[in-house]
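Okay, predicted coordinates and the sequence, questions at the end:
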Amino acid sequence: MPDGVSWKEKLLSAIFPARCALCGRITRGGRRVCARCQEKNPPNAQFRRLEAGSSGLEVFCVTPYVYKGQVRKAILQFKFRGKREKAAGLSEALVLALPPRWQTADTVCWVPLSDKRLRERGYDQSELLARKVAKEIGRPCRKLLTKIQENQVQHTLRREERKKNVQGVYRADGGQIYGKRILLIDDIVTTGSTLGECAGELYRAGAAEVHCAAVVTAIGDGNHEF
Ligand SMILES: [Zn+2]
């Protein structure tokens, strides 16, 4: 097709018009965040420096949004109320926040749920984000990390407890990691313990470079509802 849109995509967008990831209204021209929400919640790339587990290294994490208002509502729906279609709009914002160099990573991966949690929820929200991001930037997406232990839900814990709570909980699986530049995706970054631990695991497995990206940053009192 001359305009680069396949008949299949045209048909799908006629049946399922694009909806704004934040307010849910139908948007024009296939946009994933409507103009009104874009204006109210402008994506603003913020960088945080995280400790990469116990590796002694550091990683940077970029987030386009702060966890509040409409964005917070959208994340809660995406994560807990089965609204998996939100992945499209939220990952679009993620891609916009990525520095150009990070977009040339060898592989995109994500912070995985445990098998048990995945069965309960039916989908892994961070995997959905990672797959969309990978497609958008034209890089492969692979499951490089496995959650090998159930732990307490992070948001119930204080900062210092969070760090301990994630130690040894994730395992990176070797072959595709050594010498690679990896982009690690999650939905929310709070204290950064989980992303940091996963990044540390990737470094331990020989990754050359790890960069992190999450949709929202939520720093503070630990009383967030997620
Ligand atoms: Zn909207």
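Happy to help now that I have it.

What's opposite the spatially most central residue of the chain in the beta bridge?
The chain has Asp186 as the residue nearest its centroid, 2.9 Å off, counting by Cα atoms, centre = their mean. Under DSSP bridges, the beta-bridge partners of Asp186 are Ala214.

for the residue nearest to Val189 when sequence neighbours are not counted, what are its contacts?
Leaving aside its sequence neighbours, Val189 sits nearest to Ala214 (Cβ to Cβ, 6 or more residues apart in numbering; 4.1 Å). C-betas here are computed from N, CA, C, even on glycine. By Cβ atoms under 8 Å, 6 or more residues apart in numbering, the contact list for Ala214 reads Cys61, Val62, Thr63, Leu94, Ile185, Asp186, Asp187, Ile188, Val189, Leu195.

Same question for Leu129.
Ala87, Leu90, Ser91, Leu94, Trp110, Ile185, Asp186, Asp187, Val215.

Can you show me the strands along this structure?
In the chain, the strands defined using DSSP state E lie at 46-51, 58-63, 65-66, 107-110, 145-147, 170-172, 181-189, 209-217.

Now find how far off-centre the fourth one is within its chain.
On the basis of Cα atoms, centre = their mean, to the nearest Å, the separation between the geometric centre of strand 107-110 and that of its chain is 10 Å.

Kindly report the same for stretch 172-187.
With Cα atoms, centre = their mean, you get 14 Å for stretch 172-187.

Alpha carbons of that stretch, in CSV - could you do that?
Extracted C-alpha coordinates of stretch 172-187, given in CSV (Å, rounded to 0.1, in the frame of the first residue of the first chain):
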residue,chain,number,x,y,z
ALA,A,172,19.1,-14.1,34.1
ASP,A,173,19.5,-16.9,31.6
GLY,A,174,22.9,-16.8,30.0
GLY,A,175,23.2,-17.4,26.3
GLN,A,176,21.7,-14.3,24.8
ILE,A,177,23.1,-11.9,27.3
TYR,A,178,26.9,-12.0,27.3
GLY,A,179,28.4,-9.0,25.6
LYS,A,180,25.0,-7.6,24.7
ARG,A,181,23.5,-4.1,25.2
ILE,A,182,20.2,-4.6,26.8
LEU,A,183,17.1,-2.4,27.3
LEU,A,184,15.2,-3.5,30.4
ILE,A,185,11.5,-2.5,30.7
ASP,A,186,9.1,-2.2,33.6
ASP,A,187,5.8,-0.5,34.3
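
Could I get the buried residue list for that stretch?
Across stretch 172-187, burial judged by 16 or more other Cβ atoms under 10 Å covers Ala172, Gln176, Ile177, Lys180, Arg181, Ile182, Leu183, Leu184, Ile185, Asp186, Asp187.

would CSV of the contacts of Leu129 with pLDDT be doable?
Compiled in CSV, those are given as follows (pLDDT from 0 to 100):
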residue, pLDDT
Ala87, 93
Leu90, 94
Ser91, 94
Leu94, 94
Trp110, 98
Ile185, 98
Asp186, 98
Asp187, 96
Val215, 96
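
and Pro17, what pLDDT?
Pro17 is assigned a predicted lDDT (pLDDT) of 76.
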